[in-house]
Each structure stands twice: as structure tokens, then as C-alpha cells.
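Undergrad: below is the sequence, then the predicted model.
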Amino acid sequence: MTQQKLIPKHIAIIMDGNGRWAKIRKQLRIVGHREGLKAVRKTVKYAHELGVKVLTLYAFSSENWKRPEQEVSALMALFIYALNKEVKLLHENNMRINIIGDISRFSVQLQKMILQAQERTKNNTGLILNIAANYGGRWDIVNAVKKVIHRFEENNIKLDDINEDVINQEISLCELPPIDLVIRTGGEYRISNFLLWQIAYSELYFTDVLWPDFNKHALDDAISEFSRRERRFGQVLDS
């Protein structure tokens with residue numbers, strides 16, 4: 001009997017391979033990033049159709065500033081383009097967009113567009129699309145700890161009351177369902193400082209598919225593999 005596919009409530013994706021996709025085709029890296037944006041559009045649409053509740057995409061890490069200035073500038077321009085074009089479609093399809101990360105390093109224009117996009121879609125009840133931009137898992141944890149320390153200094157919490165739950169309340173995405181499945185494309189087997197706190201018990205799936213080539217079939221493969229996993233969460237299940 002065919003096993004019924006279990007749809008994860010929350011999927012996170014490390015979108016890797018844009019540059020290599022372009023290099024194979026003797027194109028500039030930015031061409032790969034543009035094709036990657038098309039893959040984002042298709043993936044969001046299909047995840048929504050499948051009934052995924054939350055989709056979190058790793059768009060720009062805090063380490064990506066080390067890339068060549070021309071590429072970073074092109075990525076920022078692509079981000080602005082995407083916000084201009086895609087937010088309207090997301091809103092029309094009842095989806096909510098949320099940006100996680102330290103947006104203070106972005107231009108004033110881009111920061112304003114991010115806030116406007118979040119405000120415009122905040123009451124939508126469909127799929128929640130989180131975009132991790134200038135995000136790092138270590139930054140997220142440090143930022144959460146700073147907030148807890150501030151609460152302690154303001155006498156709003158006692159030292160002995162600080163535990164995982166308290167820190168978790170300050171971590172990005174804490175109000176959303178836990179991440180069930182992490183997908184990394186591009187054939188690399190690393191987490192790359194992505195959601196380090198949040199994915200402690202997530203299932204990890206790695207594929208050689210370069211991100212611009214990622215499609216509904218690739219997502220189906222990942223979800224099928226997820227459906228075959230037995231999730232124990234540190235416990236021993238009865239045989």
C-alpha cells in the first residue's frame with residue numbers, strides 16, 4: 001500500500017547553487033540569482049497548494065556581505081525588485097510576508113519597503129512566507145540573549161527563571177509552528193548558520209539540485225523523504 005504523504009507544517013530552505021548554475025552556463029552570477037527568484041515564486045505557489053502553513057527561505061546571510069561588492073549591489077537591487085513585484089501577488093493570494101534578520105544594514109529605501117510589505121500583508125491568513133535577510137543563527141541567539149539580559153536588568157525576570165523557554169520567546173519565528181523540515185539545495189551538507197536554535201529537532205534533507213532548477217518535483221521528493229522519517233524528538237518510541 002502506498003504511504004500517504006505527510007505535509008510538513010513548516011519548511012525551511014537554504015537556497016544554494018545560483019552562482020554555480022550560472023557558471024555552468026557561462027553566465028554572470030546575477031543571472032543565476034534572477035533564475036533563483038523564479039524558483040522562489042514556483043516553490044511558494046506549490047507549497048501554498050500543498051497546504052504548507054509556513055515557508056522560511058534563506059535569502060541573504062550575514063556572511064554574504066563578504067561577496068564581491070558588485071554582486072551584493074545586484075542582490076540588493078533584486079531584493080527591491082522582488083518586493084515591488086511579488087508582494088502584490090502574495091497579498092492577492094492571502095499570504096503573509098515576514099522578514100527576519102538585522103535589516104538595519106540595508107538602505108533606508110529597502111528598510112521602508114520591507115516594513116510596508118509586512119504591514120500590507122499582516123492580516124492575511126494563508127501561507128506565511130519568512131525571508132531571512134542579513135540573517136545569521138548566531139546573531140539570532142545573541143540578539144535573544146541581549147533581550148533577556150535587558151529584562152533582567154530591568155528587574156522583570158529573576159536569574160533562576162532564565163531557561164530555554166525564556167530565550168525561545170525572543171528568538172525569531174518563536175510565534176510560529178516549529179520547523180519540521182530543512183531542505184538544502186546545491187549538493188552541500190552544511191547548515192551555514194541558518195536557524196541554529198530553531199532546527200534542533202528538524203529533519204534535514206540535502207539535494208544536489210541547484211536552486212534555479214528546484215521545482216515541484218524536487219519539493220515532492222523532499223516531502224516524500226520526510227514522510228518516511230520516524231521523528232523521535234529525543235525519545236524512544238515503542239516498537
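TA: Nice, thanks for sending it over.
Undergrad: buried set for stretch 34-51?
TA: Residues of stretch 34-51 classed as buried: 34-37, 39-40, 43-44, 46-48, 50 (neighbour count, 16 or more other Cβ atoms under 10 Å). Backbone N, C-alpha and C define where each C-beta goes, glycine included.
Undergrad: same deal with stretch 141-160?
TA: Neighbour-count burial for stretch 141-160 [16+ other Cβ under 10 Å]: 141, 144, 148, 151.
Undergrad: convert the helix or strand hosting the second one to CSV, retaining C-alpha atoms only.
TA: In other words, residue 144. Per DSSP states H and E: residue 144 is located in helix 137-153. What follows is helix 137-153, C-alpha atoms only, in CSV (Å, rounded to 0.1, in the frame of the first residue of the first chain):
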residue,chain,number,x,y,z
GLY,A,137,21.7,31.9,13.5
ARG,A,138,24.4,33.0,15.9
TRP,A,139,23.2,36.6,15.6
ASP,A,140,19.7,35.5,16.4
ILE,A,141,20.7,33.7,19.6
VAL,A,142,22.9,36.6,20.7
ASN,A,143,20.1,39.1,20.0
ALA,A,144,17.7,37.0,22.1
VAL,A,145,20.2,36.8,25.0
LYS,A,146,20.6,40.5,24.9
LYS,A,147,16.9,41.0,25.2
VAL,A,148,16.7,38.6,28.2
ILE,A,149,19.6,40.4,29.9
HIS,A,150,17.7,43.7,29.4
ARG,A,151,14.7,42.2,31.1
PHE,A,152,16.9,41.0,33.9
GLU,A,153,18.5,44.5,34.3
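Undergrad: C-terminal to that helix, what's the next element?
TA: Next in sequence after helix 137-153, counting helices and strands by DSSP H and E, comes helix 164-168.
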